[in-house]
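A predicted structure for the sequence below; I have some questions about it.
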Amino acid sequence: MQQNLVKSSSLRGQTFWGRGPENCGDYNSSPQETGFFCEHGDYGSHYGRFFVQWYSQFLIDHANTILSLATLAFEKIQILVKIPAVYWWYRSKSHAAELTGSNLNLSSKENHDPEGLTWQVLNSTWEEGLCVAGENVFPCFDKEVLMILLETAKPSNDPDHHHFVFFNYKPPLPILPLLDTTLCFSELDQFVRFMHGTYMGQNS
């Protein structure tokens with residue numbers, strides 16, 4: 001990896017760019033705790049843009065290699081890849097979580113929310129013709145939240161009728177709270193029925 005960076009920086013005529021940034025922080029650092037990802041940080045400099053573009057392409061090439069080998073090994077078996085959604089830094093201007101995951105998202109649209117990240121991933125995936133599955137991150141009890149999940153899994157206004165191939169509903173843990181009266185089983189039953197069929201927000 002280091003050799004690849006050195007080679008790429010040499011091709012750009014900037015050999016001193018081959019060391020990589022030293023102010024990115026560590027695994028648990030927030031963007032504002034680093035000199036690279038903080039607001040007006042080095043990620044926006046000439047060197048920073050070079051590095052994040054190189055890093056993104058390096059990870060993409062690595063993923064392509066792994067997927068190609070997996071395809072050869074598993075042949076016609078469908079492979080499921082689980083991708084965590086690190087949305088709590090999506091409002092930061094640097095989009096540090098996306099950059100370190102190879103997704104260049106430097107459009108300066110820092111006023112997004114978790115739903116914004118979700119739709120960006122879904123639209124990009126569906127445009128590539130890939131299947132998408134999902135699960136709830138937090139326990140879902142009420143009708144409003146369940147309907148948001150339903151709209152995400154089966155967008156009502158999508159002319160191409162994209163939808164999740166399956167949805168993994170994660171109940172609250174421990175399982176005992178399921179006996180609490182705050183959970184409306186009729187709404188959960190309706191949610192499951194809508195997920196399997198057509199609901200009132202869809203045309204077909």
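Nice, thanks for sending it over. Numbering: from 1, shown residues only.

Can you identify the element that follows the strand or helix carrying residue 50 toward the C-terminus?
Residue 50 is part of helix 46-74 when elements are defined by DSSP states H and E. As assigned by DSSP H and E, the chain's next helix or strand after helix 46-74 is helix 96-99.

Tell me how far residue 55 lies from residue 31.
To residue 31, residue 55 is 16 Å away according to C-beta to C-beta, to the nearest Å. In short, each C-beta sits where N, CA and C put it, glycine included.

In this protein, which residue is most central in space?
residue 85 (4.3 Å; C-alpha atoms, centre = their mean).

any idea of the pLDDT on the closest residue to it other than its chain neighbours?
The spatially closest residue to residue 85, leaving aside those adjacent along the chain, is residue 117, at 6.0 Å (C-beta to C-beta, 6 or more residues apart in numbering). In this model, residue 117 is scored at 75, pLDDT.

Likewise for residue 17?
pLDDT, read off for residue 17, is 92.

count of neighbours near it?
Residue 17: 20 surrounding residues under other C-beta atoms under 10 Å.

Tell me which helix or strand the closest residue to it other than its chain neighbours sits in.
Leaving aside its chain neighbours, residue 17 sits nearest to residue 9 (3.8 Å; criterion: C-beta to C-beta, 6+ apart). Element membership of residue 9, judged by DSSP H and E, is helix 2-11.

Same check on residue 144?
Secondary structure (DSSP H and E) places residue 144 in helix 143-153.

Which neighbouring elements make contact with the worst-scoring helix or strand of the chain on mean pLDDT?
Using mean pLDDT, DSSP states H and E, the weakest-scoring helix or strand in the chain turns out to be helix 96-99, at a mean of 75. Counting contacts by 3 or more C-beta pairs under 8 Å, 6 or more residues apart in numbering; DSSP states H and E, helix 96-99 is packed against helix 46-74.
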